[in-house]
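In: Have a look at this prediction, sequence included:
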Amino acid sequence: MKSTLVFFTAALLLSCGRFGNKETDGKKDMRIVCLSKHLTEMVFALGKGHNLVAVDLSSTYPDSAKLLKTVGYHRALNPEGIIAMNPDLVIHSNDIGPENVLPQITKAGLNIKAFGKANTIDSAELLLKELGKYFGVESKADSVVKKMQNEIAAAEKTVGDLQLKDTPSVMIIHFGRANNVYFIMSGRNGVGDKLIALAGGKTTHYEAKGARQISAEAVATANPDIIIATDYGYDQMGSMEKFIKDVPGVSLTNAGKNKKIYRFEEHDLIYFGPRTGENIIKMLHIIHPEAYAEKK
């Protein structure tokens, strides 16, 4: 009798697909845990946000994402928390950690699907179309992509029409919550660097020994005209003055001396997506406020 009960329970669990690690049908409503910020925004943009039951801590756009339960920072995730959400599907973009997370949730039998990154405009468009196909909303994806293309083209035209004469140097300082340190995000040809260039700026050349952790000497030597501070790191300082005083090297830069420190949402510097055109204009206001004001 006992063995029969065990067999029946195991069969029931497998029939639910929870421990079978089978491919899910994205066209149906399901419980989704999303572990990548750009996927979270895109799922919402495609009208599938109601399927999300939990996200990683860095998934802060749109505001609806902030109302969802969190399962840790995407590089410091809690496997038990993911499993406890009883998801039909877990989606990520191969940038999650620590190393035991993926093996542990795979062993638990969760359905897991990896999608690509969005570190170029082209890859963002392709990803939106891939998600649209997976979720059965191809026409919606086409519409989002078309709007994105039009807004980027309009932003680029705005920048071109300004006939900018100078090219201020810009540095991005980010606070990494995985290691609890400030580090330089710019200078690696990432999305932030590309946004700076699209908005008529140039990335400050930064040289420091070792890893990404910030070096006061290197920041001072780089001497950016403008510093972009990601939201979490800026907010935890409480004010621009404290950021200038307490972040190593900042007070010695042109940006620090002229109080040109600007808060920017982290997610807008990490990936391209539906709001990229809007973000180019936002960056333009920071880098060339006078020229833009004159044009208006």
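Out: Everything's here; your move. Numbering: from 1, shown residues only.

In: Quickly list the domain ranges of this protein.
Out: The record, using automatic domain parsing to delimit domains, assigns the chain the ranges 12-116, 163-295.

In: how about those domains in JSON lines, adding distance to residue 140 and mean pLDDT?
Out: Yep, even glycine has a C-beta here, placed from its N, CA and C like the rest. JSON lines is the format used below for the domains of the chain (distance: least, CB to CB, whole Å; pLDDT from 0 to 100):
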{"stretch": "domain 12-116", "distance to residue 140": "5", "mean pLDDT": "88"}
{"stretch": "domain 163-295", "distance to residue 140": "11", "mean pLDDT": "91"}
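
In: between those domains, which one is nearest to residue 141?
Out: Closest approach to residue 141 among the domains of the chain (CB to CB): domain 12-116, 6.0 Å.

In: what's the distance between the closest one and the middle of its chain?
Out: Averaging C-alpha coordinates over domain 12-116 and over its chain gives two centres that are 15 Å apart (CA atoms, centre = their mean, to the nearest Å).

In: change the start of the numbering to 16 and stick with it
Out: Got it, the first residue is 16 from now on, which makes the last one we talked about domain 27-131.

In: Quick one: the helices in the stretch 166-311 of the chain, in order.
Out: Using DSSP state H, counting those that start in this stretch, the helices found in the stretch 166-311 of the chain span residues 206-213, 231-237, 246-252, 255-261, 269-272, 291-302, 304-310.

In: do the stretch 16-165 of the chain as well
Out: When assigned using DSSP H, counting those that start in this stretch, the helices of the stretch 16-165 of the chain occupy the ranges 17-30, 52-60, 94-99, 116-122, 136-149, 153-176.

In: For residue 241, list the residues it contacts.
Out: Applying CB atoms under 8 Å, 6 or more residues apart in numbering, we find residue 241 in contact with 183-186, 216, 270, 275, 277, 301-302.

In: circling back: columns mean neighbour count and distance to residue 73 on top of the helices of the stretch 16-165 of the chain, output as TSV?
Out: As requested, the helices of the stretch 16-165 of the chain are exported to TSV (neighbours: other CB atoms under 10 Å; distance: least, CB to CB, whole Å):
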stretch	mean neighbour count	distance to residue 73
helix 17-30	10	32
helix 52-60	25	5
helix 94-99	17	15
helix 116-122	17	15
helix 136-149	18	17
helix 153-176	15	21
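
In: quick one, which of those helices is nearest to residue 108?
Out: Among the helices of the stretch 16-165 of the chain, helix 52-60 comes nearest to residue 108, with 6.2 Å by CB to CB.

In: tell me the contacts of residue 63?
Out: With contacts defined as CB under 8 Å, 6+ apart, the neighbours of residue 63 are 150, 152.

In: if we go to 10 Å?
Out: Taking CB atoms under 10 Å, 6 or more residues apart in numbering as the criterion, residue 63 is in contact with 41, 44-45, 47, 57, 146-147, 149-152, 155.

In: Show the contacting residues for the most centrally placed residue in the chain.
Out: In the chain, the centroid-proximal residue (CA atoms, centre = their mean) is residue 282; its distance is 3.7 Å. Contact criterion CB under 10 Å, 6+ apart gives 52-53, 55-56, 73-76, 80, 206, 245-246, 288, 290, 294 as the residues in contact with residue 282.

In: can you tell me which of the contacts of residue 241 are in strands?
Out: 184-186, 277 (DSSP state E).

In: Name the nearest of those residues relative to residue 197.
Out: Using CB to CB, residue 186 comes nearest to residue 197 of the ones in strands among the contacts of residue 241, at 11.6 Å.

In: shouldn't the closest one be in contact with residue 284?
Out: No. At 12.0 Å, residue 186 does not count as touching residue 284 under the criterion of CB atoms under 10 Å.

In: Which residue is the nearest non-sequential neighbour of residue 113?
Out: residue 91 (6.7 Å; CB to CB, 6 or more residues apart in numbering).

In: Return the residues in contact with the one you found.
Out: The neighbourhood of residue 91, defined by CB under 10 Å, 6+ apart, consists of 71-72, 111-113, 116, 192-194.

In: Good, we can wrap up now.
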